Every structure is written in C-alpha cells, then in structure tokens.
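>>> Task: produce atomic coordinates for the following.
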Amino acid sequence: MINGSHLAAFLVASMLIIMVPGPSVLFTLARGVAWGRAVAVLTVLGNSIGTLLLSLVIAFGLGPLLSRFHDLSIALQLAGGAYLLWLGADALRHRHAHARAMMKREGGRPSNLHVIRQGFTVGVLNPKSLVFFAAVFPHFVDPTKGSVTLQLVIFGCIFSVMAFCSDGTWGLIAGTAREWLSGSPARLVALRTIGGCVMCCLGVLIVSSALAS
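Residues are numbered from 1 along each chain as shown. Next up, the predicted model:
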C-alpha cells in the first residue's frame with residue numbers, strides 16, 4: 001500500500017517537523033510550565049485530535065486532485081517550503097516575545113474538557129501542520145501503490161500518533177521541570193531559536209526538492 005522507502009523518509013521528516021518547538025509544542029510547554037504534567041498531557045491529547053482531523057480534511061479534499069495534477073503537488077510543496085521559511089524567520093524574530101508570553105501564569109486551573117478543547121483548537125489551526133499535510137505529505141505518496149487518499153490518511157494517522165508521543169514527552173518534561181524552565185527566560189528563547197533554525201532548514205530542503213522534481 002505504501003512504498004517502504006517513502007515511509008522511512010516520511011518517518012524521518014515527520015520526526016524533524018514534530019520535534020521543532022513550533023506553535024503546538026510551545027503551547028504545550030506553556031501549559032506544562034503553568035499547570036503541570038496532567039494539563040500538559042491533556043493539551044497534547046486535544047492537539048492530536050485536532051491534528052488528525054486536519055490531516056483527514058487534507059487527505060479527502062486534496063487526495064484526488066494531487067493524484068491527477070502533478071503540477072499542483074509541486075506548487076503546494078513550493079508554497080509549503082516558503083511558508084516554513086517564513087515561520088522559521090518569524091520564530092527567530094519574535095523569540096523573546098514568545099518566551100515572555102510563556103512565563104505568564106493564569107489564576108485558576110482550567111477544567112479537563114477546557115484544556116482538551118484548547119489543545120484541539122491549537123492543533124486544528126496549527127499552520128505548521130497544515131503546511132506539512134498539504135505540501136509535504138504528497139511528496140511521499142506513490143500513486144502506483146494504490147489510492148492516494150488512503151495513503152494520505154495513513155500518513156495522517158502515523159503523524160498524529162508520533163506527534164502525541166513527542167509533544168506528550170515535551171509536556172511531561174515541562175511539567176516536571178516547570179520551576180527550572182520558568183526561572184530562566186533565556187532557556188525558552190534558546191528553544192525558540194533552535195526551532196526557528198530547524199524550520200528554515202526544512203523549508204529550504206522542501207523547496208529544493210520541489211524544484212528538482
């Protein structure tokens with residue numbers, strides 16, 4: 001159903017994009033720093049549900065088109081790479097403001113349902129995930145292996161599970177080390193700086209790959 005080499009490359013690319021401290025990771029870290037491990041994990045659960053829904057929408061909406069129009073796939077990859085470059089530059093430009101925002105703590109602990117709902121909203125509106133699903137997923141699809149839509153759905157499920165495990169780990173670490181993290185804005189700035197650089201590098205790779213196709 002899925003090309004083995006494509007799947008291996010997809011797993012590597014997914015891990016790279018998931019590990020980048022982007023919107024979802026930063027939100028999870030903020031929840032962990034503010035409220036601890038339980039809230040962080042519930043946030044990740046909601047985020048993963050939103051991410052899965054987004055991947056299904058992309059799969060069923062773009063799958064048939066991508067299977068018929070190769071130029072559309074290339075255009076999406078170029079747009080996605082360019083947008084990741086923009087996100088990376090934006091992360092670097094606002095890294096200090098993002099760190100300050102993460103230092104803030106609210107007054108009362110939100111309910112579990114509210115936490116999940118917040119995580120879902122961040123996940124379904126996460127531009128990084130949208131770009132990855134729409135622009136990067138098609139790069140790993142092999143039309144000769146069957147339904148393009150089904151392959152995109154499988155990739156979406158795999159990505160969501162990987163994101164839950166990775167972001168959940170971030171949340172547990174933040175919840176455990178909340179005092180250490182919140183005690184030094186410079187550490188949060190360093191996380192955002194690394195994330196911005198990785199997003200820029202991934203954007204360059206995607207654009208280069210699309211131009212070479």
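>>> tell me which helix or strand of this structure sits lowest on mean pLDDT?
Least confident helix or strand, the chain: helix 178-182 with a mean of 65, by mean pLDDT, DSSP states H and E.
>>> Quick check: buried residues in the next helix or strand after that helix?
Toward the C-terminal end, the helix or strand that comes next after helix 178-182 (DSSP states H and E) is helix 185-212. Residues 188-189, 191-196, 198-200, 202-203, 206-207, 210 are the ones in helix 185-212 that count as buried (16 or more other C-beta atoms under 10 Å). Backbone N, C-alpha and C define where each C-beta goes, glycine included.
>>> By residue count, what's the longest helix in this structure?
Counting residues, the longest helix found in the chain (DSSP state H) is helix 37-68.
>>> Going by contacts, tell me the helices and strands next to that one.
If you count contacts as 3 or more C-beta pairs under 8 Å, 6 or more residues apart in numbering; DSSP states H and E, helix 37-68 packs onto helix 23-35, helix 70-93, helix 112-124, helix 127-131, helix 148-176.
>>> A30 versus G175, what's the distance?
Separation of G175 from A30 (C-beta to C-beta, to the nearest Å) stands at 11 Å.
>>> cool, I116 as well?
Relative to A30, and taking C-beta to C-beta, I116 is found at 16 Å.
>>> Out of these two, name the residue with the larger neighbour count.
Legend: neighbour count by other C-beta atoms under 10 Å for I116 and A30, higher for A30 (23 against 20).
>>> what sits against the closest residue to I74 other than its chain neighbours?
Counting by C-beta to C-beta, 6 or more residues apart in numbering, A210 is the residue found nearest to I74 once chain neighbours are left out, at 5.2 Å. Counting by C-beta atoms under 8 Å, 6 or more residues apart in numbering, A210 makes contact with I74, Q77, L78, G81, H139.
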